[in-house]
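Peer 1: Whatever this is, show me its structure:
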Amino acid sequence: MTRHPRIERYGLIGDLQTSAHVCDDGSVDWLCLPRFDSSAAFARLVGEEEHGSWRIAPAASFDDGHQVAAERSYRGDSLVLESVWRTPDGAVRVTDFMPPRKGEPQVIRIVEGLTGEVAMVSAMRPRFGYGRVHPWIHEVAGRMVAEAGADAIWLDTGIQQVEKDGVIVSAFTIAAGRSAAFVLSWCPSHGPAPEVPEPEAALAATLALWADWTRQCAYAGPYRDAVVRSLITLKAMTYAPSGGIVAAPTTSLPEEIGGSRNWDYRYTWLRDASTTLAALLGTGYLEEAQAWRRWLLRAVAGDPENLQIMYGITAERDLHERELLWLPGYEGSAPVRVGNGAAEQLQLDVYGEVIETLYLAHLSGVAHCTDTALLHQRLVEALARRWQEPDEGIWEIRGTRRHFVHSKVMAWVAVDRTIRLVEAGALDMDLVTLIDLRDTIHQEVCEKGFDPERNTFTQFYGSEELDAATLLIPVVGFLPGDDPRVIGTVDAVRRELSTADGLVCRYPTAGDTAGVDGLLGDEGAFVLCSFWLVDALALTGRVDEATDVFEHLLTLRSDLGLLAEEYDPTCQRQLGNFPQAFSHMGMIQSAELLERLGASSVPATDTSSPPNHGTGRARRGLTALRAQPPTPS
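Peer 2: I've put the predicted structure just below:
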C-alpha cells in the first residue's frame, strides 16, 4: 500500500466551482470535475497511484522517492500556487492554478526555467468515477483526450505527448528563460472539444480576480496575513453559481489514521455556511451573504418544518451515503464515503446559526428582503414547536438522540436575534410571546444543563461528560463572560478536554467501545474548538492567555497557511478533511476578537451599549456588535 503524503503537504487551487489538491511532490492527487461534489478524476488522495493523479516534477525525482519541492508559496494574496525545484542541473518553477471559469473547468500548470537546464516529466493518469473507470486515451487533431462515459479530459501542451499503459507522458527539458504550459480542460464527452487555452492570459485574469477580491478585506489587525489567507480559503470553497459553501472540498480524510470516522464534507451545511458567512461579513464581504441568502431561500423553499441540516451545493436534498469499496482510503483509513447520512438528522442548533447570520446580514447593511423575513418567521415558528425535542446535536452523533446543551443554547440565540429584529422593525412578530420563549429556554438550560457541584455546563441534560461547544455560551451572549458558571465551564473544558499542548477535543470518545456519539475509535483535537477556547478566554478577561493559545494555533497551519479539521498533537500532523471551513472561520473570528479587545480594552461585561434586557455583553461573529444576555437565571 502506498504511503500517503501528510495532509498538510497539499496545497489548494480552485475556480470557485471545484478545486484540486496539489502535493509538494508536484502531484495533483484530488480533483473532482466539474463540481466539488462530482466524482473524482484524480483520487490518489484516498487511494493508490492507480486511482488517478497528475505529476509534474524533475525527471530525477521520479526515481528517488518523490523528492518534494524545495520552495512553495502562493503568489501574493491569491490562489495561484508556485513550487520551485532546485536540482544539480538548475532550478525550475511550476505555477499551478485554476482560472475563473468562463466555460468548462481548467487546471493550468506552467513550467518555467529559472537557471540551467532541468529534465522534467509530466505524467497524467486520469481515472474517472473515483479511480474506478479507466478512460479511452487517444489523440484528436494533435490534442490528447481521455474519455469515459459522460466525462472527457483534454490535455493541451506544446510538448510531445505519448500514452503508455493508461498514462499520458511528456518528457522534456526546460532551460532558463523558457517555459512550457500544460492545460487540463474538462467537458462532457458528448459535447464539442474545448477551446485551445491561452495560459498566460488565464494567469493574468486569475491574479486580477484575487487581487480585486482581497482588496475588500476590512480587517487591519496584527494577524492580517493569516486572516487574508483564511478568507481566500473560505472563498475558494464557495460554489459561485449558487452561493452554496462546502464545509471542505474533500471526502473521507480520516479523523484518526486507520479509523472509520471518515465523512464526505463536499456539501453545504447550514451551520458551517452560516458561521463562514459571519466571518466574511465581519471583514467586509456582503456579496457572499446576499448570494447565500438566495441559496437558503431555494434550499428551504416552502418547507422550513422539515429543515435539513445540509444540502447539496445547488440545494439538492438527497445526499445518500454510500461506501466506495474499491478505494483503500487515506493511509488505509476505510471506508471512503460519498454522500452524507447526517443530512437526515435533527440538529436544532442550525436554527440559531441561520438566524444569527440573517441578523448579522441585516446589521451589516444587506438589503431587506420580504421573502427572507417570511422564511425567518416560519423558521422561528417551527423551532418554537420543536426546541424541547432531543436531537443529534452539532457533532452529528450516530447514537441516541439527547438534549444537548449547545442545541438549546442556539435555540435561545435564534429567538434572541429574532427579538432584536422585531424591535428594530425588520420583522413583524408577537414580541411578548418571543420574550417568554427566550426566557423559558434560558431558564431550562441553566437548570438542566448545568452541574452545580462541578460548576460547569455539561454536554447534555443530566450528563457527566463535557462538550467544547459549551465554550460558545459567552460568545453568543447566553451568559456574560464574568458569570461564575461561564468561568467554571471554561476551566472544566481546559481541564478535561484539553490535550497536553493545550488543544481542545470536542468531547470524550470511547476508543474500542461506542461512546455518546455511537461510533468506535478516537480522533484528534478539533481545531475550531481550540479557537472557541481563545474566544472564551478573551471574553472572561484572560486576553493574554487567549493570545498565547491563538498564536500556538497559528503554528499548526501548513506552510501555505492551511488548516484541516483536526490536529494530532502526538504525531504532530493534521487530520480530517482539508482545508476545513470551520477551522479557518474560527481563526478569522478569534483574530478579530483579540484585535478588538486588545485595542479597546473593553471588558466582556461592559454595559455601555444601548439597553436591551440585561447587563452582560459578549460578541458574536466578526462584527463590532455584541449579544446582550438576559439577567442570569
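Peer 1: So for stretch 580-587, what gets flagged as buried?
Peer 2: Buried positions in stretch 580-587, judged by neighbour count with 16 or more other Cβ atoms under 10 Å: 580-587. In short, each C-beta sits where N, CA and C put it, glycine included.
Peer 1: cool, stretch 418-426 as well?
Peer 2: In stretch 418-426, counting by 16+ other Cβ under 10 Å, buried: 418-422, 426.
Peer 1: Need the max-distance pair from those residues.
Peer 2: Using Cβ to Cβ, the buried residues of stretch 418-426 span at most 11.1 Å, a distance reached by I419 and A426.
Peer 1: and which of the buried residues of stretch 418-426 is nearest L348?
Peer 2: T418 (14.9 Å).
Peer 1: Let's verify the closest one: helix, strand, or coil?
Peer 2: helix (DSSP: H, G, I helix; E, B strand; the rest coil).
Peer 1: Repeat that for P197.
Peer 2: coil.
Peer 1: now do Q589
Peer 2: Here Q589 is recorded as helix under three-state DSSP.
Peer 1: That one against A279, yeah?
Peer 2: Yes. Contact criterion Cβ atoms under 8 Å: Q589 and A279 qualify, at 5.7 Å.
Peer 1: For stretch 439-451, buried residues please.
Peer 2: Buried residues in stretch 439-451 (16+ other Cβ under 10 Å): 439, 441-442, 444-445, 449-451.
Peer 1: do stretch 247-262 as well
Peer 2: Neighbour count says stretch 247-262 has 247-257, 259-262 buried, by 16+ other Cβ under 10 Å.
Peer 1: likewise stretch 188-201?
Peer 2: Those would be 189, 194, 197, 199, for stretch 188-201 by 16+ other Cβ under 10 Å.
Peer 1: now the third one: how far from G11?
Peer 2: Computed as Cβ to Cβ, to the nearest Å, the P197 to G11 distance reads 21 Å.
Peer 1: repeat for the last one
Peer 2: The span separating P199 from G11 equals 19 Å under the rule Cβ to Cβ.
Peer 1: Setting aside sequence neighbours, what's the nearest residue to T238?
Peer 2: In space, and not counting its chain neighbours, T238 is closest to I245: 5.2 Å by Cβ to Cβ, 6 or more residues apart in numbering.
Peer 1: which among the buried residues of stretch 247-262 gets closest to A148?
Peer 2: Distances from A148 to these, taken as Cβ to Cβ, are shortest for T251 (20.6 Å).
Peer 1: Show the backbone phi and psi for the closest one.
Peer 2: Taking degrees, to the nearest 10, you get phi -130, psi 140 for the backbone angles of T251.
Peer 1: Can you check the pLDDT for it?
Peer 2: On the pLDDT scale, T251 is placed at 98.
Peer 1: got the contact list for the residue lying closest to it once chain neighbours are set aside?
Peer 2: Spatial nearest neighbour of T251, excluding adjacent residues (Cβ to Cβ, 6+ apart): D264 at 3.8 Å. Counting by Cβ atoms under 8 Å, 6 or more residues apart in numbering, D264 touches 251-252, 321, 337-340.
Peer 1: mind redoing it with 10 Å?
Peer 2: Counting by Cβ atoms under 10 Å, 6 or more residues apart in numbering, D264 makes contact with 37, 247-248, 250-252, 319, 321-322, 336-342, 577.
Peer 1: how far away is it from A150?
Peer 2: Counting by Cβ to Cβ - D264 and A150 are separated by 21 Å.
Peer 1: on that earlier part again, tell me how many other residues surround the residue nearest to T238.
Peer 2: When neighbours are counted by other Cβ atoms under 10 Å, I245 registers 27.
Peer 1: OK, contacts around it?
Peer 2: 36, 234-235, 237-239, 267-269, 272-277, 280, 288, 291-292, 295, 313, 581.
Peer 1: go again using 6 Å as the cut-off
Peer 2: Shown in contact with I245 (Cβ atoms under 6 Å, 6 or more residues apart in numbering): 237-238, 268, 273, 276.
Peer 1: With V80 instead?
Peer 2: Counting by Cβ under 6 Å, 6+ apart, V80 has contacts 97, 206.
Peer 1: how much space between it and A70?
Peer 2: From V80 to A70 the distance is 18 Å (Cβ to Cβ).
Peer 1: again with R417
Peer 2: Per Cβ to Cβ, R417 is found 50 Å from A70.
Peer 1: Also M98?
Peer 2: Distance, M98 to A70, by Cβ to Cβ: 24 Å.
Peer 1: Looking at those two, which one has more neighbours?
Peer 2: Using other Cβ under 10 Å as the criterion, M98 and A70 rank with M98 on top: 26 against 13.
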